[in-house]
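In: here you go, sequence then predicted model.
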Amino acid sequence: MREQFLHFIWQNHRFNHKDLISIEGQTISIIDYGKPNYNDGPDFLFARISIGNVIWVGHVEIHVLSSDWEKHQHSNDENYKNVILHVVYQHDKPIQDFSVPTLELKGLIPRSIFDRYSHFMESTSILPCHYMISEVEESVIELYFHRLAIERMETKVAKIEELLVQWKSDFEQVAFIWLSRYFGMGTNSDAFEHLAGQLSVAWLSKIRNEPMGIEALFLGSAGLLGQSSLEDNYIKKLNNLFDLYRHKWNIIPLKAQWWKWKLGRPASFPSLKLAQLAQLLKMKNSIFELVLDTSLLRKSLSEIELAPFWMQHYQLQKLSVNRSKGISKEFVNRLIANVTVPLMISYGTHIGDNSFIEKAIEILESLPEEQNNITKAYTLWGLPNSNALHSQAIIHLKKEYCDLKRCLSCQIGNQIFRSNIHQIHKTLSDKRIEYM
């Protein structure tokens, strides 16, 4: 039994609430179950409950066991002084000097609901409720996906806000760091973000006219030049340039441990992605303006031309098949979804202009869907994935709800529990219902 399940049972009145008697022998009639509290303190606030012959207004605290009250040290916490009812699944022991009435739910919860919940919790499927998705209306899923996508963007915006605090609202520097992060292609995202955080956009402006300048700065600061042989003239030139920058700006290159190679495809190797990012940023003076203009960003990414050296290299120290190293449309779309959209929302929030936020959501809805292992698995069970908003929603659903088994906090899971097929009979005292 989990406390989260009991919260669901209480909030949705999914237990036999007729003729309730407290552990202390008082009659209980629930007038208002209260509002869920998502902050510190009791679980439900401002409930109205008739206990004995008196109507009380106050808070409700829910635990699996009565002894959890002492275990969580609520007796000495001022936040709990206005609790009027202690709701537990099992009353395992009396609490010393405890004056709050206790309601035990054991024997009042329909087993059908608990069995369904247990199945969700024990499922090893990527989508625990996959065989019940058909019970949820498409309109409910569509609305929830919109909310999930917003939640995912809010998570990214919160991280951008942290960077803005760190860099004193310098959107240019933050745009550089955030764009760099998503050039990292997942496994190297943290390393790319850290690297960009060690460099200044002012340095990029000073060396933008040097053909190999930004590339030398990136590869050298990443510690990748030091791993390479100096036999190639191109690498020699990069090294010479970086030596100048390193002494000028006191740069300490990253250690080799920062970079991951084994899990990625050659096209995502950090050396190649840094070279591509360097060429992109060499073209434009303002990184922030570049990433906010989706047409300009697409055009600039399509016009990236790497030096001939990269025709035969994914890594500096190894030859590869001779081929062009362009940027795919899928990668461009991911950049726009993960970089442009949250930066636009953050900027709109900062200047108080909701039009930026509305435009960001429109951009997300206009982008094609992502095809990856996560989205393919979820669409297999009937969930929609017709645009980038859907894709972002699916990724957020998996990472923040399914993986964490937050089924009762998920609108889809919640809807399944409420579905007409499995709902409790209106007359909860019906003898056909098995309670637990």
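Out: Yep, that arrived. Note that the coordinates shown come from a computational prediction; the quantities given were computed from them, not determined experimentally.

In: now the strands for the stretch 101-250 of the chain?
Out: Listed in chain order, the strands of the stretch 101-250 of the chain (DSSP state E, counting those that start in this stretch) span 102-104.

In: can you list the weak-confidence ranges in it?
Out: For the stretch 101-250 of the chain, the stretches with pLDDT under 70 are 227-231.

In: now do the helices in it.
Out: 111-122, 138-166, 171-183, 189-198, 201-207, 213-221, 233-249 (DSSP state H, counting those that start in this stretch).

In: relative to Lys299, which of the ones you listed is closest?
Out: When the helices of the stretch 101-250 of the chain are ranked by distance to Lys299, counting by C-beta to C-beta, first place goes to helix 171-183 at 15.7 Å. Using the backbone N, CA and C atoms, a C-beta is placed for each residue, glycine as well.

In: now the closest one - C-alpha only, CSV.
Out: What follows is helix 171-183 as a C-alpha-only set of coordinates in CSV (Å, rounded to 0.1, in the frame of the first residue of the first chain):
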residue,chain,number,x,y,z
PHE,A,171,20.5,36.2,-23.1
GLU,A,172,23.4,36.2,-25.6
GLN,A,173,25.6,34.1,-23.3
VAL,A,174,22.7,31.9,-22.2
ALA,A,175,21.6,31.3,-25.8
PHE,A,176,25.2,30.2,-26.6
ILE,A,177,25.2,27.8,-23.6
TRP,A,178,21.7,26.4,-24.4
LEU,A,179,22.4,25.9,-28.1
SER,A,180,25.7,24.2,-27.3
ARG,A,181,23.9,21.8,-24.9
TYR,A,182,21.7,20.5,-27.7
PHE,A,183,24.5,20.2,-30.1
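
In: tell me what angle it forms with helix 213-221.
Out: For helix 171-183 against helix 213-221, the angle by axes from the mean of the first three to the mean of the last three C-alpha atoms, to 10 degrees is 60 degrees.

In: who are the packing partners of helix 171-183?
Out: Secondary structure elements in contact with helix 171-183, counted by 3 or more C-beta pairs under 8 Å, 6 or more residues apart in numbering; DSSP states H and E, are helix 138-166, helix 189-198, helix 201-207, helix 270-283, helix 287-292, helix 329-335, helix 341-351.

In: if we use 7 Å, what do you get?
Out: For helix 171-183, the packing partners by 3 or more C-beta pairs under 7 Å, 6 or more residues apart in numbering; DSSP states H and E come out as helix 138-166, helix 189-198, helix 201-207, helix 270-283, helix 287-292, helix 341-351.

In: now the third one: buried residues?
Out: Going back to what we said before, that points to helix 201-207. 201, 203-204, 207 (16 or more other C-beta atoms under 10 Å).

In: tell me which residues are up against it.
Out: The contact list for helix 201-207, computed with C-beta atoms under 7 Å, 6 or more residues apart in numbering, reads 172-173, 176, 213-214, 217, 249, 281, 285, 287.

In: let me know the closest of the residues you listed to Thr124.
Out: Of all these, the one sitting nearest Thr124 is Phe176; the distance, using C-beta to C-beta, is 41.5 Å.

In: isn't the closest one up against Ile287?
Out: Yes. Between Phe176 and Ile287 there is a contact under C-beta atoms under 7 Å: 4.9 Å.

In: and for Trp258, nearest residue in space, chain neighbours not counted?
Out: When the adjacent residues along the chain are set aside, Trp258 lies closest to Ala191, with 4.4 Å between them (C-beta to C-beta, 6 or more residues apart in numbering).

In: redo the helices of the stretch 101-250 of the chain as CSV? Include distance to Cys407.
Out: What follows is these, written out as CSV (distance: least, C-beta to C-beta, whole Å):
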stretch, distance to Cys407
helix 111-122, 5
helix 138-166, 13
helix 171-183, 30
helix 189-198, 29
helix 201-207, 44
helix 213-221, 44
helix 233-249, 51
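
In: I'd like to know which of these is closest to Glu369.
Out: Judged by C-beta to C-beta, the one of the helices of the stretch 101-250 of the chain that comes nearest to Glu369 is helix 138-166, at 11.7 Å.

In: tilt between that closest one and helix 189-198?
Out: For helix 138-166 against helix 189-198, the angle by the same axes, to 10 degrees is 30 degrees.

In: which parts of helix 138-166 are buried?
Out: Within helix 138-166, judged by 16+ other C-beta under 10 Å, the buried ones are 141, 144-146, 148-150, 152-153, 156-157, 160, 163-164.

In: follow-up on the earlier one: how about the helices of the stretch 101-250 of the chain, which one is nearest Ser271?
Out: Between Ser271 and the helices of the stretch 101-250 of the chain, the tightest spacing by C-beta to C-beta is seen for helix 213-221, at 6.7 Å.

In: may I have the phi/psi pair for the residue of the chain most remote from its centre?
Out: Centroid-distance maximum for the chain: Asn53 at 47.8 Å, with C-alpha atoms, centre = their mean. For Asn53, the backbone dihedrals (degrees, to the nearest 10) come out as phi -110, psi 10.

In: can I get the contacts of helix 201-207 in a markdown table including neighbour count and distance to Ile21?
Out: As requested, the contacts of helix 201-207 are arranged in a markdown table below (neighbours: other C-beta atoms under 10 Å; distance: C-beta to C-beta, whole Å):
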| residue | neighbour count | distance to Ile21 |
| --- | --- | --- |
| Glu172 | 17 | 66 |
| Gln173 | 22 | 64 |
| Phe176 | 24 | 65 |
| Gly213 | 21 | 79 |
| Ile214 | 24 | 75 |
| Leu217 | 25 | 74 |
| Trp249 | 15 | 75 |
| Leu281 | 22 | 71 |
| Asn285 | 12 | 75 |
| Ile287 | 22 | 67 |
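
In: so can I have a markdown table of those residues showing distance to Gly326?
Out: Conversion of the contacts of helix 201-207 to a markdown table gives the following (distance: C-beta to C-beta, whole Å):
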| residue | distance to Gly326 |
| --- | --- |
| Glu172 | 27 |
| Gln173 | 28 |
| Phe176 | 22 |
| Gly213 | 22 |
| Ile214 | 19 |
| Leu217 | 23 |
| Trp249 | 31 |
| Leu281 | 17 |
| Asn285 | 24 |
| Ile287 | 21 |
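
In: ok, longest strand in this protein?
Out: Among all segments of the chain classified by DSSP state E, the strand with the greatest residue count is strand 54-65.

In: who touches it?
Out: Residues from elsewhere that reach strand 54-65, judged by C-beta under 7 Å, 6+ apart: 1, 3, 6-7, 10, 31, 34, 42-49, 69, 74, 80, 82-90, 92.
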